[in-house]
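Undergrad: the sequence and its predicted three-dimensional model are supplied below.
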Amino acid sequence: MKKFRKVLDGLSSSSPGGVASPSCGSAAGTPTAHAPTPQDIHVQETLVSENFQICKTVRHGFPYQPTCLAFDPVQKILAIGSRTGGIRILGRPGVDCYSQHESGAAVLQLQFLINEGALVTACADDTLHLWNLRQRRPAILHSLKFNRERITFCHLPFQSKWLYVGTERGNTHIVNIESFVLSGYVIMWNKAIELATKAHPGPVVHLSDSPKDEGKLLIGFESGTVVQWDLRAKKVDFRIYYDEAIHSVSWHHEGKQFMCSHSDGSLTMWNLRNTARPIQITYPHGKILKDGRKESCKPILKVEYKTSRNSEPYVIFSGGLSYDKSGGRRPTLTIMHGKAITVLEMDHPIVEFLVLCDTPYSNEVQDPYAVVVLLEKDFIVVDLTQSNFPIFENPYPMDIHESPVTCTAYFAECPPDIIPILYSIGAKQKKTGYSHKEWPVSGGTWTLGSQTYPEIIVTGHADGTVKFWDASAITLQMLYKLKTSKVFEKPKVGEGRMGELVEEDPYAVQMVSWCPQSRLFCVVGISAHVILYRFSKHDANTQIVSLEVRLQFDSEDVISPSEAENNPCFSDPSSHSPQPPGSPGSGTQDSLPCLKVKNRPVRMPPGYQAELVVQLQWVDGEPPQQITSLDINSAYGLLAFGNCNGLTVVDFLQKTILMCMGTLDLYGAADPYQRLTRSPRKNRQSTSGLTELSDNQVSMDMERSKSPTSDHVNGHCTSPTSQPCSVGKPRITGVPEGPRLTRRGPGRPPFRKAQSAACMEISLPVSSHTEESRENSFSRSRSSSVSSIDRDTKESVTTLQFGESCGRKGDALPTACLWVGTSLGVVLLLPISIPTEEEERMEEPITMGPSGTVLMLKGSVLRFAFLDCGGALIQSPYEVWRDPNGPEDPDRPRRRKLVNFSPSSSQEACSDGHLAIVCSEKQAKVILMPTQAVLFTHNITESSFLLRADVVSVCNSVCLACFCANGHIMTLSLPSLRPLMDINYLPLTDLRIARTFVFTNGGQALYLSSPTEIQRLTYSQEMTDNLQDMLGELFTPIETPEAQNKGFLKGFFGGNAQTFDREELFGEAAAGKASRSLAQHIPGPMGLENMKTAAGGVVGDLARARIALDQRGERLGELEERTALMMNSAETFSTHAHQVMLKQKDKKWYQL
């Protein structure tokens, strides 16, 4: 093995000026021996470790696996709990906060302390938590862990500090919210039911105080028993027994009757005057059968009984539909208003719903105005004030997962005009029919932060859609939606193998490449297709150009030096005649692409319009391998993509294939590896799914030089889901193929349903004894889309980068080049000769060819970047955007306007060339061009490998940001590769994170934290310090609305008999202390004494001071008004007294 490494190092240092890189374990920042030193290029590095800090900023999307819902009617904020212990608190757009229980236990119930800025959560580990919401990042103040009983239901009366907690044993405990300790007052289940009753009533499923009398507590048990408990007298007022299990209870606001929902789909109405039997039993969706029996119905899981001042009461419930023999009915929400019954069908099962009312008081007319419905995968709000019950337009990005996310891209510091343009185009795509009223969840405050710049997030989805999101100022708003499937004909069922592919995702987006300056957009699909889009403000009716490429090369076809002399470096499409389908030796799908492009003029609306489609063909009965790398350059007019078979370069201006070569052909005679030839019939395996393990044996020397995961993680290979079709267009072929590998058996489908990045799971080894065993265990634990092909004979193109560079050693001036990185850690450089005149560019052919290996690294190559001699990042040249369908000016013909960032022009004294940054899964190198001398080498990781690496700008400088498979996030200075930060942030548990993690400029990054949510984070200390100013305020000081004044007669005959003092009943003086073994109090990390610190330092102090000042001003204003009233009253009294004195002044004493 050591000899093999010496040979590789010798190859990289064989040229003049190039010297081998340091051996493994070299310290960062150590210059390579006999190579130019950093002092020769005079780069001043300004970044230090203090510039970096990891911090989560905000989470977007729909809460994954939601469980419960709560709403504060005064603050108008909403909370959603999840099965993984997360809490999302939502207010007006921009007010969106995510918090997480450390235990990760599911959140069973949420209770707001209405208008108090606090929230109580009940979790599945039988723990209650009190959250402080009077700070931008909520924190736990207290926790209470129940040891002997399981929590099933909680109820907190309005303006009360005593929380009722029902348990699985049927008992009811009372918790003081301020101290978060149990009261000695307990309602035992055996005291609540009759002594003659032998059966246990079941868990507590409902608790509520009577609207008429707060001293009466209604307790509902699962078995069908309902008890009203007199808290003062500590006895039962009445008991109700029903044959069917109870799911929920809802009071009438007068407190004289209540409604129950049951497991048989019935609703029962009970009157307190006669509790022997219900006054009404209804089966809203149950029909009477011919034999007189009621049709069996599903349970009504929840009912809300709300009165209205100007109309009939509302009865709103979920479930209760009749059992359909076909079982095809969707989940429903039913709204009964008077005699009208409206059934709203939902796309997903209902988790919970809440009815929003104007008043927080339960003993007032409720006047409901909206229903919040939490579904398993959606969140909607229904407007009750309109007869057709429209839904509100959701301002939150809750539809990220509308189709599973398969890839992500993050662009910071975009051109300022791109977001308004995308928004104006996307506004025409929005649905209509929404309610015209304002979004009812409007609590909190949010202002645009001082540090804002245009940011855009792009997500690709399994159904072929691409969504552009405005991510500026840590918010997320939908801008524009692009459907790539419209480029292709709809597949016909039963055509060819289509019968087996009906349920698949042939259009799934695998990766995207976007140039915001030129507005060129390129999409790679899972069916081995590439679509090029141009942006236009005008609609068009154009023909989509389709090119088909035959990119299938066998690993046994090693190019010898003699063969390399006879084969040109670039292939001429016209020199290869396509093999007709169905010819001898070919399968039925040979020379056909997977999808059929529309071969007629297509009308395209304003926005992104497809211009070119490039597809890989089936070869020898095998589907094309998926594309693993992509790059596009608008200035060159070139598009390059590669896979595990080779590289293709397309001239999208002339609509021709410029190059189509196997990976081995790119080396020519300079192949540093000895390829092991073997029969393609050996170790035959079918193409595995994304989560199938690979059992291929890998040769030790190949495995030493590359990570076994490069083909399918960093190369973005996934399971092929292409579809066959027949096309009548001429087909463009590449280099003739050799013997095919691993034929499939007859009738065996080569496809599977495309899996999104959100559903891929992998298992990572924690530790192993040797490097060999570690890498072998990794290769067996990761998925592979090319498991039918031996890894030691397949070299994927993992990354591509167009740019201005020196194509060959000794070149004085930089020219257009294509940098190619492979899965074996080899970097290849392809100079490109492009005509300079625009007329020649559209007619003359472009020439390009390999110049030989530049250098080699350990592991798959991930990223290229270029710096000038001053250490500034060199951007790739681009073409300034012009509307392709805009009106023509005959006097001024339109010409291409190119912007070129040539290294030679970036500095006057730049005779030393420029720097190239190359990062692989294992190490990073900085080389000086054009001498190709390695200046710095840093071995980033030995025990793991990198999943993502990007050269980004932070604090007016640049650095290399890396995300490792062991969860570490690292940053390295450039060009010295000095470590600046290494934090164990996120242990990788599934491939979803690996495929979606991405860095961007400004010290930001994101990844898909769940199948439905995007987590954004920052690694910049500056942004971490300013984060408090960017987040929204959850709590706003609002005066609690006053209760309605009751008339004298109503208050005399129907009011509360007496005031109810809970402290007198539940306090320690009256009820004593609860058993210590029953529950354990756990102080929160942010206790009351630490609230000032938790509120964000100086910012929090200023906010509190401002609030206190406002409150003081309000009090002073009230005091001034009261003083004025007293003065007026005194003056009036003085006037009356003086008048009385004058009137009585002259009267005698007997006249008084």
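TA: Ah, there it is.

Undergrad: so who does Val530 touch?
TA: The neighbours of Val530, taking CB atoms under 8 Å, 6 or more residues apart in numbering as the test, are 522-524, 613-615, 627, 630, 639, 641, 650. (C-beta placed from N, C-alpha, C; glycine too.)

Undergrad: where does it sit: helix, strand or coil?
TA: Secondary structure assignment for Val530 (DSSP: H, G, I helix; E, B strand; the rest coil): strand.

Undergrad: nearest residue to the middle of this structure?
TA: Nearest to the mean C-alpha position of the chain, by CA atoms, centre = their mean, lies Ile1014 at 2.0 Å.

Undergrad: that one - that's part of a helix, no?
TA: No. Per three-state DSSP, Ile1014 lies outside any helix segment and is strand.

Undergrad: got the contact list for it?
TA: Counting by CB under 8 Å, 6+ apart, Ile1014 touches 59-61, 400, 408, 457, 459, 476, 1006-1008.

Undergrad: then Trp514?
TA: Per CB under 8 Å, 6+ apart, neighbours of Trp514: 409, 411, 458, 520-522.

Undergrad: right, and the helix or strand after the strand or helix carrying it?
TA: Under the criterion of DSSP states H and E, Trp514 resides in strand 509-515. Note on strand 509-515: by DSSP H and E, the next helix or strand toward the C-terminus is strand 520-525.

Undergrad: now do that following strand: everything it contacts.
TA: Contacts of strand 520-525 (CB under 8 Å, 6+ apart): 460, 464, 466, 482, 484, 506-515, 530-535, 595, 608, 627, 630, 632, 634, 639, 641.

Undergrad: can you select the buried ones among the residues you listed for me in PyMOL?
TA: Selection command for PyMOL covering only the buried members of the contacts of strand 520-525, criterion 16 or more other CB atoms under 10 Å:
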select buried, resi 460+464+466+482+484+506+507+508+509+510+511+512+513+514+515+530+531+532+533+534+535+595+608+627+630+632+634+639+641
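
Undergrad: now do the helices in the stretch 151-300 of the chain.
TA: Using DSSP state H, counting those that start in this stretch, the helices found in the stretch 151-300 of the chain span residues 189-192.

Undergrad: just the stretch 351-500 of the chain next, same as before
TA: Per DSSP H, counting those that start in this stretch, the stretch 351-500 of the chain carries helices over the ranges 418-427.

Undergrad: where in the stretch 301-450 of the chain is pLDDT low?
TA: Applying pLDDT under 70 to the stretch 301-450 of the chain flags residues 325-328, 449-450.

Undergrad: repeat that with 50
TA: 326 (pLDDT under 50).

Undergrad: got it, and the chain?
TA: Counting by pLDDT under 50, the chain contains low-confidence residues at 1-38, 326, 496-503, 555-587, 677-792, 904-910, 1049, 1056-1057, 1088-1100.

Undergrad: in which helix or strand does Gly871 reside?
TA: If you go by DSSP H and E, Gly871 is not part of any helix or strand.

Undergrad: so what's it up against?
TA: Gly871 sits next to 43-45, 915, 957-958, 974-975 when contact means CB under 8 Å, 6+ apart.

Undergrad: which of the contacts of Trp514 are buried?
TA: Applying 16+ other CB under 10 Å to the contacts of Trp514 flags 409, 411, 458, 520-522 as buried.

Undergrad: hmm, Ile832 is touching Leu638, no?
TA: Yes. Between Ile832 and Leu638 there is a contact under CB atoms under 8 Å: 7.3 Å.

Undergrad: and for these two, which residues touch both?
TA: Taking CB under 8 Å, 6+ apart as the contact rule, Ile832 and Leu638 both touch 818, 846.

Undergrad: more crowded one of these two?
TA: Leu638 (23 against 20; other CB atoms under 10 Å).

Undergrad: beta partners for that one?
TA: Leu638 has these beta-bridge partners by DSSP bridges: Asn633, Asp651.

Undergrad: do I have it right that it meets Ile632?
TA: Yes. In this structure, Leu638 is within contact of Ile632 by CB under 8 Å, at 7.4 Å.

Undergrad: tell me, what's touching the two both at once?
TA: 652, 802.

Undergrad: neighbouring strands - and their directions - for the helix or strand where Leu69 lies?
TA: Following DSSP H and E, one finds Leu69 within strand 66-72. If you go by DSSP bridges, strand 66-72 pairs up with strand 77-82 (antiparallel).

Undergrad: name the next helix or strand downstream of the strand it pairs with, please.
TA: Downstream of strand 77-82, the first helix or strand assigned by DSSP H and E is strand 86-90.

Undergrad: which other helices and strands contact the helix or strand that that following strand is followed by?
TA: The helix or strand immediately downstream of strand 86-90 is strand 96-100, counting by DSSP H and E. Applying 3 or more CB pairs under 8 Å, 6 or more residues apart in numbering; DSSP states H and E, one finds that strand 96-100 makes contact with strand 52-61, strand 86-90.

Undergrad: quick one: buried residues of strand 96-100?
TA: 96-99.

Undergrad: what do you get for stretch 100-107?
TA: Buried residues in stretch 100-107, counted by 16+ other CB under 10 Å: 101, 105-107.

Undergrad: just flag the most distant two among those.
TA: Between any two of the buried residues of stretch 100-107, the greatest separation by CB to CB is 9.1 Å, found for His101 and Ala106.

Undergrad: common neighbours of those two, please.
TA: By CB under 8 Å, 6+ apart, the residues touching both His101 and Ala106 are 85, 123.

Undergrad: which residues in the stretch 201-350 of the chain form strands?
TA: Per DSSP state E, counting those that start in this stretch, the stretch 201-350 of the chain carries strands over the ranges 204-209, 216-221, 225-230, 235-241, 246-251, 257-262, 267-271, 280-282, 300-306, 314-319, 332-337, 340-345, 350-357.

Undergrad: same check on the stretch 401-550 of the chain?
TA: Applying DSSP E, counting those that start in this stretch to the stretch 401-550 of the chain gives strands spanning 405-412, 455-461, 465-470, 477-483, 509-515, 520-525, 529-536, 540-542, 545-549.

Undergrad: counting by contacts, list what the first one packs against.
TA: Judged by 3+ CB pairs under 8 Å, 6+ apart, the packing partners of strand 405-412 are strand 455-461, strand 509-515, helix 991-996, strand 998-1000, strand 1004-1010.

Undergrad: looking at these, which is nearest to Glu222?
TA: Nearest to Glu222 among those is strand 1004-1010 (31.7 Å), distances taken as CB to CB.

Undergrad: strand partners of the closest one, parallel vs antiparallel please.
TA: Counting by DSSP bridges, the strands paired with strand 1004-1010 are strand 998-1000 (antiparallel), strand 1013-1020 (antiparallel).

Undergrad: a markdown table please, covering the ones you listed and showing distance to Gly646.
TA: Converted to a markdown table, the strands paired with strand 1004-1010 look like this (distance: least, CB to CB, whole Å):
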| stretch | distance to Gly646 |
| --- | --- |
| strand 998-1000 | 26 |
| strand 1013-1020 | 34 |
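
Undergrad: who touches the strand holding Leu69?
TA: Residues contacting strand 66-72 (CB under 8 Å, 6+ apart): 77-83, 106-112, 114-115, 119, 351-354, 356, 372, 374, 376, 441, 443.
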